[in-house]
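Peer 1: need a structure here:
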Amino acid sequence: MGEYHVGTSDITGTIYAGRARKHGNSLTWLAKDEVTNEAIDAVAFHMYLKVKEGENGFAYMLKLCSGEYLRLKLEVSDHKPEWVDEEEEDDERPD
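Peer 2: Below you'll find the model as predicted:
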């Protein structure tokens, strides 16, 4: 049946979730769904809840296979930044 897995395509950057089998460093998808927007929304809201719980310095640190590091940190603001498009305002989540 395969194990449940979430992964990102190296080519397109699309995030998938589904059942896969591991073969060394690679995966063979048995069944998958594209979940890019849902995954990003879930991570952003998870981080938002951590900040609201009082973890002001809350951040994720990830080490890539290349040896580089990524740091994900959330900033919460009471006003809309100037760079936000009008279309993006529709993506609101409840507190």
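
Peer 1: contacts, neighbours, all on C-alpha from now
Peer 2: Noted.

Peer 1: dig out what residue 27 forms beta bridges with.
Peer 2: Beta-bridge pairing of residue 27 under DSSP bridges involves residue 22.

Peer 1: domain map for this protein?
Peer 2: When the chain is parsed into structural domains using automatic domain parsing, the resulting residue ranges are 1-34, 36-95.

Peer 1: worst average pLDDT in those domains?
Peer 2: Mean pLDDT is lowest for domain 36-95 out of the domains of the chain, coming in at a mean of 80.

Peer 1: winner for burial among the domains of the chain?
Peer 2: domain 1-34 (a mean of 13; mean count of other CA atoms under 10 Å).

Peer 1: for this structure, what spans make up the helices?
Peer 2: Assigned by DSSP state H, the helices in the chain fall at 36-52.

Peer 1: of all residues in it, which one is nearest the centre?
Peer 2: By CA atoms, centre = their mean, the mean C-alpha position of the chain lies nearest to residue 40, the distance being 3.8 Å.

Peer 1: now that residue: how far from residue 23?
Peer 2: In this structure, residue 40 lies at 27 Å from residue 23, with CA to CA, to the nearest Å as the measure.

Peer 1: now the strands for this structure?
Peer 2: For the chain, strands defined by DSSP state E occupy the ranges 3-8, 15-23, 26-34, 59-63, 69-73.

Peer 1: output those in CSV; the columns should cover distance to residue 82.
Peer 2: Compiled in CSV, these are given as follows (distance: least, CA to CA, whole Å):
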stretch, distance to residue 82
strand 3-8, 30
strand 15-23, 28
strand 26-34, 30
strand 59-63, 24
strand 69-73, 20
